[in-house]
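# generate a structure from the sequence data that follows.
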Amino acid sequence: MTDPTDNRPRSTVPRRTAVPRLRGRTRRVTPRTHWLLLCVLVVTLSAALLLQGYTHHMFGITSDDVTGPRGRADTVPGQVAHGGPVIADAAGSPHTARPEARTIALTFDDGPDPVWTPRILDVLRRNHVHATFFVVGTQVVAHPELVRRIVAEGHQIGIHTFTHPDLSRLAPWQRSLELRETQLAVAGAAGVTTALLRPPYSSENDALDDTDWSVLKQADRAGYVTVLSTLDAEDWQRPGTARVLANATPHGRAGQIVLMHDAGGDRAQTVAALNTLIPRLEARGFRFTTVGAAVGMAGPVRPAGLDDHLQGIALIKMLQLGDWTIRLLGVLMYAAGAISVLRAAVVLVAARRHRRLRTGLRARSWGAPVTEPVSVIVPAYNESAGIEAAVRSLVASDHPVEIIVVDDGSTDGTADLVESLGLPRVRVIRQPNAGKPAALNTGLAAAACELVVMVDGDTVFEPDAVRTLVQPFADPGVGAVSGNAKVVNRRGLLGRWQHIEYVVGFNLDRRLFDLAECMPTVPGAVGAFRRRALLALGGVSDVTLAEDTDLTMALCRAGWRVVYEEGAVAWTEAPASLGALWRQRYRWCYGTLQAMWKHRGALVQRGSAGKLGRRGLVYLLLFQVLLPLLAPVVDVFALYGLVFLDPLRITGIWLAFLLLQLLMGLYAFRLDGERPGPLWSLPLQQFVYRQLMYLVVIQSVFTAVSGSRLRWQRMERYGSLRTPAPAETPGEDRPPRVPA
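Take a look at the predicted model:
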């Protein structure tokens with residue numbers, strides 16, 4: 001984005017020719033509408049993720065082994081403990097039922113499964129046998145077509161809860177939720193409802209304890225009949241086909257409800273055992289039927305009402321959307337992570353190479369030393385808080401300068417203050433308020449020198465900054481030079497965060513842009529230009545809110561080289577409140593989007609314009625637009641992972657990225673000769689500052705796409721600037737000369 005520049009208001013709103021327009025009438029969408037849409041999206045996404053996380057990761061299907069020792073059974077009625085496996089009226093006058101003699105009700109738990117359920121259905125169809133399938137809600141959502149096949153082929157459906165938890169360990173409201181969700185899923189998938197329930201981890205009647213009985217009573221009040229088993233094939237243990245067959249074979253003539261599984265793991269042994277079990281028992285005179293038919297129950301499965309059917313469809317679609325969203329979030333997270341790592345690697349390698357090249361260049365210089373005088377233009381609007389320090393720092397430069405202060409209709413006496421200083425080589429030009437580009441153009445017309453330095457009224461220069469800044473002009477191909485802007489008011493937490501961003505973000509990027517010859521921005525706080533190059537462009541344009549970025553891109557497209565001189569240090573005030581920071585960055589980001597759109601033609605040009613387009617613009621699009629738009633998705637997925645997935649793994653990934661950022665910070669601070677102390681606040685930056693920057697990008701994109709106009713907002717001045725001390729011997733680790 002654009003760098004620290006002027007934040008003044010303008011008398012008129014800049015023409016919006018650089019912003020993409022929608023067809024037809026321009027819509028005026030207010031930021032409030034944008035945030036309403038964003039909030040709706042966030043709430044919807046959060047609800048879908050919470051539901052998806054609960055249904056897929058809170059419990060999960062495990063083996064049907066006992067979950068713990070059996071408790072007391074004082075409240076379990078004797079007629080239930082020693083009765084049949086089908087239990088009705090548990091909350092009233094409980095009674096049980098057994099299958100008729102020589103009657104087998106095959107039951108299958110934990111499905112439907114896309115691999116094993118169809119194979120089991122094929123076996124049942126070949127043998128003309130009907131069975132009962134106790135389905136898990138999450139599996140129904142994942143494979144509704146299998147539920148429809150089960151019902152269409154004449155089998156009975158029962159519910160086995162939604163996420164396969166031990167119901168006795170849940171609160172009553174969670175039990176109700178488990179049953180209701182599963183019932184809705186079945187209604188949505190197959191258009192039927194069922195009164196049959198088999199609680200997970202249940203077995204035979206005599207294994208019921210008091211907590212199990214409380215579950216059965218609550219299920220009865222909800223309209224369910226509980227179906228236990230009399231024979232457990234124990235196929236979930238995969239003991240071998242012969243053992244599964246033996247466990248499922250009754251001894252005697254009594255009717256049986258046989259427990260088997262069509263999901264939850266490899267069920268090849270179950271399929272093989274069924275192929276033998278059914279013909280063998282039929283040869284012994286047994287018949288196979290559903291649970292309802294085996295005990296004479298009338299219509300346990302009925303057509304669902306329209307309301308339940310529609311709610312069930314909605315539930316299935318929402319959970320399927322949640323599954324798709326999680327997969328998409330996972331892909332985006334890995335993509336964002338890969339892009340971030342790639343960016344870090346590219347930036348660090350480029351910074352190291354840039355440092356080596358610039359070190360060698362200083363040894364032999366850009367060419368003959370540049371000693372010609374320089375015109376310094378200071379556009380000023382209500383800058384009385386810092387203009388004196390700014391002008392005095394320029395007068396103290398060790399390079400010959402003329403200083404032109406263009407007062408752009410200030411109402412706080414800025415021009416009078418500068419004139420009262422009586423400083424040599426300082427001129428004040430007054431004009432009605434017309435905006436920063438107009439003030440710069442006024443100064444450009446009045447400048448007597450070929451080399452022009454543009455300075456914001458809230459910026460203080462080091463004594464050697466002007467001299468250092470203009471040395472690259474020894475190369476006749478250089479049209480502009482970016483200096484090194486540093487934050488002066490860095491003592492507060494917000495100031496430290498911006499200090500880190502300036503050093504790690506802006507300056508590392510500038511080194512990369514310099515190396516790739518695609519510099520998109522010369523900051524308004526500290527930049528130098530060839531006057532004739534600017535005049536050839538028609539001066540500073542006012543069609544974007546980021547005139548410095550617009551101007552720099554125009555110079556690149558005109559064939560001029562733009563370079564970065566990190567040794568030209570200037571100090572600028574950063575916003576001291578989140579509101580002021582928001583307004584500043586919102587303008588920067590929106591203005592940069594305008595400039596990118598205006599200069600999009602560089603993507604297909606050749607030469608220096610092509611470098612700007614295919615290198616600079618693509619970099620800005622990837623890392624300053626798309627990556628911030630993806631970053632909230634990564635944060636949401638990280639929160640999802642902490643709650644529902646592996647918190648240690650998610651935390652480890654976050655710490656790894658934090659370590660990468662810390663290493664980048666340490667290297668960037670070393671390159672800039674800064675003490676690394678402020679980097680202690682880097683972890684905190686991830687929770688407030690980073691999110692604010694993401695929201696800025698989101699709001700800017702919404703504003704640009706909607707065609708809304710952004711009003712100019714001026715940053716509050718704090719008067720923290722001071723005239724720098726006399727020049728010291730240059731050194732890599734010099735501390736800031738301008739106290740905060």
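
# for Ile339, the count of nearby residues, please.
Residues near Ile339, counting by other CB atoms under 10 Å, number 15. C-beta: built from backbone N, CA, C; applies to glycine.

# right, and Thr194 touches Pro303 too?
No. In this structure Thr194 lies outside contact range of Pro303 using CB atoms under 8 Å: 11.1 Å.

# nearest spatial neighbour of Arg532, skipping sequence neighbours?
Glu450 (6.7 Å; CB to CB, 6 or more residues apart in numbering).

# run a quick neighbour tally on the one you found.
Neighbours of Glu450 (other CB under 10 Å): 15.

# check the one 4 residues further on too.
As a burial measure, the neighbour count of Met454 was computed by other CB under 10 Å and equals 30.

# which residues does it contact?
Contacts here follow CB atoms under 8 Å, 6 or more residues apart in numbering; on that basis Met454 touches 376-377, 379, 440, 443, 524, 527-529.

# could you redo the last one with a cut-off of 7 Å?
377, 440, 524, 527, 529 (CB atoms under 7 Å, 6 or more residues apart in numbering).

# of those residues, which belong to helices?
Leu440 (DSSP state H).

# pick the one among the contacts of Met454 closest to Pro94.
In terms of CB to CB, no member of the contacts of Met454 lies closer to Pro94 than Gly524, at 82.7 Å.

# just the pLDDT at the closest one, thanks.
Listed pLDDT for Gly524 reads 89.

# distance of it from Val455?
Computed as CB to CB, to the nearest Å, the Gly524 to Val455 distance reads 8 Å.

# quick one on the thing from earlier: lowest-confidence one in the contacts of Met454?
Least confident of the contacts of Met454 in the model: Gly524, at 89.

# isn't that one right up against Thr549?
No. Distance between Gly524 and Thr549: 9.4 Å, which falls outside the contact criterion (CB atoms under 7 Å).

# Gly524 and Val455: which is more packed in?
For Gly524 versus Val455, neighbours defined as other CB under 10 Å are more numerous around Val455 (30 against 27).

# how about the closest residue to the more buried one other than its chain neighbours, what does it touch?
In this structure, Val455 finds its nearest non-sequential neighbour in Val378, 5.0 Å apart by CB to CB, 6+ apart. The contact partners of Val378, taken as CB under 7 Å, 6+ apart, are 390-391, 403-406, 455, 457.

# again, only this time at 6 Å
405, 455, 457 (CB atoms under 6 Å, 6 or more residues apart in numbering).

# that one pairs with what?
Note on Val378: beta-bridge partners Val405, judged by DSSP bridges.

# distance check, it against Leu121.
Distance, Val378 to Leu121, using CB to CB: 83 Å.

# longest helix in the chain, please.
When the chain is parsed with DSSP H, its longest helix is helix 306-364.

# name the next helix or strand downstream of the helix or strand of the chain with the lowest mean pLDDT, please.
When each helix and strand of the chain is scored by mean pLDDT, DSSP states H and E, helix 31-57 comes last, with a mean of 70. Using DSSP states H and E, the helix or strand that follows helix 31-57 in sequence is helix 78-81.

# test my guess that Ser541 contacts Thr552.
No. With contacts counted by CB atoms under 6 Å, Ser541 stays clear of Thr552, the gap being 11.3 Å.

# so between those two, which is more surrounded?
More neighbours surround Thr552 than the other of Ser541 and Thr552, with 29 against 19 (other CB under 10 Å).

# could you report the neighbour count for the nearest residue to the more buried one once chain neighbours are set aside?
Excluding its sequence neighbours, the residue lying closest to Thr552 (CB to CB, 6+ apart) is Val522, at 4.7 Å. By the measure other CB under 10 Å, the count of residues near Val522 is 28.

# would you confirm that Val522 contacts Ser482?
Yes. Using CB under 6 Å, Val522 is in contact with Ser482, at 4.4 Å.

# which helix or which strand is home to the residue nearest to Thr552?
Short version, using DSSP H and E: Val522 is in no helix or strand.

# next one: the one 10 residues further on
Here Arg532 sits within helix 531-536, counting by DSSP H and E.

# now that helix: buried residues?
In terms of neighbour count (16 or more other CB atoms under 10 Å), helix 531-536 has its buried residues at 531, 533-534.

# and that helix, what's its mean pLDDT?
Mean predicted lDDT for helix 531-536 stands at 96.

# and the residue nearest to Thr193 when sequence neighbours are not counted, how many neighbours?
Nearest non-adjacent residue to Thr193, counting by CB to CB, 6+ apart: Ala304, 4.8 Å away. Counted with other CB under 10 Å, residues neighbouring Ala304 total 22.

# ok, Ala304 to His599 distance?
Counting by CB to CB - Ala304 and His599 are separated by 60 Å.

# same for whatever helix or strand Arg280 lives in, what does it pack against?
Following DSSP H and E, one finds Arg280 within helix 268-283. Judged by 3 or more CB pairs under 6 Å, 6 or more residues apart in numbering; DSSP states H and E, helix 268-283 is in contact with helix 116-126, helix 241-248.

# Ala528 is in contact with the residue nearest to Arg532, correct?
No. Between Glu450 and Ala528 there is no contact under CB under 6 Å: 11.0 Å.

# what about the stretch 251-400 of the chain, any weak spots by pLDDT?
The stretch 251-400 of the chain contains residues with pLDDT under 70 at 360-365.

# from the buried residues of helix 531-536, which is closest to Gln605?
Ala533 (17.8 Å).

# now the closest one: closest residue in space that isn't a chain neighbour?
Distance criterion CB to CB, 6+ apart; nearest residue to Ala533, sequence neighbours excluded, is Gly479 at 4.4 Å.

# again, but for Ser397
Val466 (4.5 Å).

# part of a strand, is the one you found?
No. The assignment for Val466 by DSSP: H, G, I helix; E, B strand; the rest coil gives helix, which leaves it out of any strand.

# and for it, the neighbour number?
Val466, neighbours per other CB under 10 Å, totals 26.

# the helices in the stretch 101-250 of the chain, which residues?
116-126, 137-142, 144-152, 172-190, 210-221, 241-248 (DSSP state H, counting those that start in this stretch).
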